[in-house]
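*Asks:* Test case, fold it:
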Amino acid sequence: VQLQASGGGLVQAGGSLRASCAASGSIFSIGDMAWYRQRPGKRRELVASITIGGTTNYADSVKGRFTISRDNAKNTMYLRMNSLKPEDTAVYYCNAPIASKDRPLFPDEYWGQGTQVTVSS
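*Replies:* Next up is the predicted model:
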């Protein structure tokens with residue numbers, strides 16, 4: 001089982017990007033999912049989360065600009081980032097507890113490898 005993040009890039013302030021996070025492997029279930037980011041010189045912080053049922057939560061700094069979603073049939077989560085600001089520059093990581101078919105009652109926590117988002121002013 002693994003999480004694979006993609007979709008980062010370089011964009012000008014005010015632009016948009018969409019990051020994706022795909023889970024693959026022998027998956028039994030995926031729990032609540034989340035995006036984190038780590039800005040240069042800062043601690044990793046929660047950006048947004050989404051429950052299995054689709055309830056979302058956002059950090060105040062991205063509320064109204066970012067939208068988190070998931071496609072349970074595709075085992076994929078997305079982060080649509082609009083009105084990007086230079087302070088959004090960071091490595092974005094996806095996170096989720098995933099139970100494999102071998103251990104359906106014991107989910108493990110997984111992190112994607114990170115995708116770089118750079119916003120120029």
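*Asks:* What is the burial count for residue 63?
*Replies:* Neighbourhood size, residue 63 [other CB atoms under 10 Å]: 10. C-beta: built from backbone N, CA, C; applies to glycine.
*Asks:* Give me the distance from stretch 40-59 to the chain's centre.
*Replies:* Centre-to-centre, stretch 40-59 and its host chain are 7 Å apart (CA atoms, centre = their mean, to the nearest Å).
*Asks:* List of residues touching that stretch?
*Replies:* Contacts to stretch 40-59, defined as CB atoms under 8 Å, 6 or more residues apart in numbering, come from residues 30-39, 62, 66-70, 72, 77, 79, 89-90, 92-93.
*Asks:* Which among the residues you listed count as buried?
*Replies:* 30, 33-37, 62, 66-68, 70, 77, 79, 89-90, 92-93 (16 or more other CB atoms under 10 Å).
*Asks:* Let's see which of the contacts of stretch 40-59 end up in helices.
*Replies:* If you go by DSSP state H, these have nothing in helices.
*Asks:* May I have the distance across stretch 16-32, first residue to last?
*Replies:* 25 Å (CA to CA, to the nearest Å).
*Asks:* Over to stretch 9-18?
*Replies:* From start residue to end residue, stretch 9-18 stretches across 9 Å - CA to CA.
*Asks:* With stretch 26-33 instead?
*Replies:* End-to-end distance for stretch 26-33, by CA to CA: 18 Å.
*Asks:* repeat for stretch 31-42
*Replies:* Its start and end residues considered, stretch 31-42 measures 27 Å (CA to CA).
*Asks:* Residue most distant from the centroid, the chain?
*Replies:* Most distant residue from the mean C-alpha position of the chain: residue 102, 25.3 Å away (CA atoms, centre = their mean).
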